[in-house]
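J.: Structure here, sequence nowhere to be found:
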């Protein structure tokens, strides 16, 4: 008993010594309580956003929360928040059910709506975008390339439930000196521009990591309709002196139609580097349970045209090493899967729809020498010779040495046999126990029924279904039936330009009590739009 009392006393003293504090931030043009530089962070005298981001660890540190109150924060911002408390985070979040928008469509020398420099900070539940008119064409005099988030410095940050969209540049850059970062449950879409050559620019995510001890985690994100590639685990530096594309995990992300707005579909994911020195080699990268899709008419066995979904390796001087690709759905067209310059890979339990496996003799030999493993994969192709080398050289599975051994239960089937379980994924969203991301496939574009018996839903709940490509509107509402079966409509886009075909859909379903609620998950994030 004495030990218990001493423990309680110790915890009380620790709490008093290290109180968790809350600070308040308001837009500078707020009608009642505008945020100012002269504020003290109280509810009555709040900070403006940049002043809040300027706070030193003596004022704001681990365990503290910065509440961003509802409104539009116009500007481009640099966060230098920095937690000095080991294992304790500063939290920057939208306040309760209020809608927070960081609008970067302003005159500024900064090249990101939000640049992050500090460590151990959680950013969650707000939106980053350009509001109003702006150019996406690099030929226009008014054009300015601006990223959504640039995380340039500081370790162990987290970015959760952010909506980053419609910026004329990169959606999210997470650079090499920001080890330990977690990017989770973010919606990243419609970002990018048309460059001076008429091609798309602006990735969904650009990811690096130089740490040997901390893995970068990218999980449960939804990325689509970028003007350029979906996720680049990558460095374009041709003259590297060190390694900084390594120890990265991509898990349970849904990435689709990368490049579609620019008129030329490109990689949903690429892993590699352009280092000609052979030093900065992409290594120790894991891709697990990701869904990669490009618009394709699967009912007609469509496969012609470029639509790469996954590319491993880029230059022969820096072939990727120790890449794990497990339980992914890789859908595209002629070149959905490209194993260009690979030294070692472990490729298992994947489903691939592609005209060919694009590779080359040297890569196959590297994989054989490194004892790379390919097992339990299902490849759909219409070609009797499904291995394609550069310059159109085609080979059958039995004609050349390769690691796709049928004894490891790899199978090659004709495209016409292609189909998958219509329910590809049902995932709870971070910090939102009553909202789920639902990913569906229907080869014939028919409605899909999903049973929510595993979610332990209470009785008499209402539900709202939203298409992630149009979060401002609900596509269906209703009361959860006793059998917990809910029908999702697939015919939503009707082959409109820059929209997903009706054979594939990503939805958010939110459950709440039968009486009207104003504090649901998506009402919190996007309430001003409803």
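T.: Arrived safely, thanks for sending. What you see is a predicted model; the values in this text were computed from it and never measured.
J.: By mean pLDDT, flag the weakest helix or strand of this structure.
T.: Using mean pLDDT, DSSP states H and E, the weakest-scoring helix or strand in the chain turns out to be helix 2-17, at a mean of 41.
J.: Moving C-terminal from that one, which element do we reach first?
T.: With elements assigned by DSSP states H and E, the helix or strand that comes after helix 2-17 is strand 22-25.
J.: gap between whichever helix or strand comes after that next one and the chain center?
T.: Downstream of strand 22-25, the first helix or strand assigned by DSSP H and E is helix 49-53. In this view, helix 49-53 has its centroid 26 Å away from the chain centroid, taken as C-alpha atoms, centre = their mean, to the nearest Å.
J.: Who are the packing partners of helix 49-53?
T.: Other helices and strands packing on helix 49-53, by 3 or more C-beta pairs under 8 Å, 6 or more residues apart in numbering; DSSP states H and E, are strand 22-25, strand 77-79. For every residue, glycine as well, the C-beta is placed using N, CA and C.
J.: between the ones you listed, which gets nearest to residue 136?
T.: strand 77-79 (22.0 Å; C-beta to C-beta).
J.: ok, the closest one: who's next to it in the sheet?
T.: Its sheet considered, strand 77-79 pairs with strand 112-116 (parallel) by DSSP bridges.
J.: got the contact list for the strand it pairs with?
T.: 76-79, 102-104, 123, 128-130, 146-154, 157, 167, 173 (C-beta atoms under 8 Å, 6 or more residues apart in numbering).
J.: Output the contacting helices and strands for whatever helix or strand comes next after that strand.
T.: Next helix or strand after strand 112-116 toward the C-terminus (DSSP H and E): strand 121-124. Counting contacts by 3+ C-beta pairs under 8 Å, 6+ apart, strand 121-124 packs against strand 90-94, strand 158-160.
J.: Spell out which strands sit alongside the shortest one in the sheet and which way each one runs.
T.: Translated: strand 158-160. Going by DSSP bridges, the partners of strand 158-160 are strand 121-124 (parallel), strand 182-184 (parallel).
J.: Flag every buried residue along it.
T.: Residues of strand 158-160 classed as buried by neighbour count (16 or more other C-beta atoms under 10 Å): 158, 159, 160.
J.: on that earlier part again, put together JSON lines for the helices and strands packed on helix 49-53, with mean pLDDT, mean neighbour count and distance to residue 381 on each row.
T.: Below are the helices and strands packed on helix 49-53 laid out as JSON lines (pLDDT from 0 to 100; neighbours: other C-beta atoms under 10 Å; distance: least, C-beta to C-beta, whole Å):
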{"stretch": "strand 22-25", "mean pLDDT": "98", "mean neighbour count": "20", "distance to residue 381": "54"}
{"stretch": "strand 77-79", "mean pLDDT": "98", "mean neighbour count": "21", "distance to residue 381": "48"}
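J.: hang on, the earlier thing: how about the helices and strands packed on strand 121-124 in JSON lines, adding mean pLDDT?
T.: Below are the helices and strands packed on strand 121-124 laid out as JSON lines (pLDDT from 0 to 100):
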{"stretch": "strand 90-94", "mean pLDDT": "98"}
{"stretch": "strand 158-160", "mean pLDDT": "97"}
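J.: Adding distance to residue 256, write those out as JSON lines.
T.: Formatted as JSON lines, the helices and strands packed on strand 121-124 follow (distance: least, C-beta to C-beta, whole Å):
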{"stretch": "strand 90-94", "distance to residue 256": "27"}
{"stretch": "strand 158-160", "distance to residue 256": "21"}
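J.: The residue lying closest to residue 420 once chain neighbours are set aside bridge partners, please.
T.: Distances taken as C-beta to C-beta, 6 or more residues apart in numbering place residue 441 nearest to residue 420, at 5.6 Å, with adjacent residues excluded. Counting by DSSP bridges, residue 441 is bridged to residue 504.
J.: Count the neighbours of residue 441 for me.
T.: 21 (other C-beta atoms under 10 Å).
J.: From residue 497, how far out is it?
T.: 22 Å (C-beta to C-beta, to the nearest Å).
J.: Equivalent analysis for residue 254, please.
T.: Distance from residue 254 to residue 497, by C-beta to C-beta: 21 Å.
J.: The residue nearest to residue 420 reaches residue 422, doesn't it?
T.: Yes: between residue 441 and residue 422 a contact is recorded at 5.5 Å, counting by C-beta atoms under 8 Å.
J.: So which residues of the protein form helices?
T.: Ranges of helices in the chain, per DSSP state H, are 2-17, 49-53, 361-369, 521-526.
J.: quick check: domain ranges of the protein?
T.: 21-417, 423-529 (automatic domain parsing).
J.: right, so these: which one is the most enclosed?
T.: Comparing these by mean neighbour count (mean count of other C-beta atoms under 10 Å), domain 21-417 comes out on top with a mean of 20.
J.: For the nearest residue to residue 386 once chain neighbours are set aside, which residues are in contact?
T.: Of all residues not flanking residue 386 in the chain, residue 356 sits nearest, at 5.4 Å (C-beta to C-beta, 6+ apart). Contact analysis of residue 356 by C-beta under 8 Å, 6+ apart lists 334, 335, 381, 383, 386, 387, 388, 394.
J.: let's see 10 Å
T.: By C-beta atoms under 10 Å, 6 or more residues apart in numbering, the contact set of residue 356 is 303, 334-338, 379, 381-383, 385-389, 394-395.
J.: quick one on the thing from earlier: of the helices and strands packed on strand 121-124, which approaches residue 414 most closely?
T.: Once those are compared by C-beta to C-beta, strand 158-160 is nearest, at 42.3 Å.
J.: what's next to the closest one, contact-wise?
T.: Here strand 158-160 has contacts from 89, 91, 93, 114, 116, 120-125, 149, 151, 172, 174, 180-186, 217-218, 220-221, 429-431, using C-beta under 10 Å, 6+ apart.
J.: One more pass at 8 Å, please.
T.: Under C-beta under 8 Å, 6+ apart, the answer for strand 158-160 is 89, 121-125, 149, 151, 172, 181-186, 430-431.
J.: All set now, cheers.
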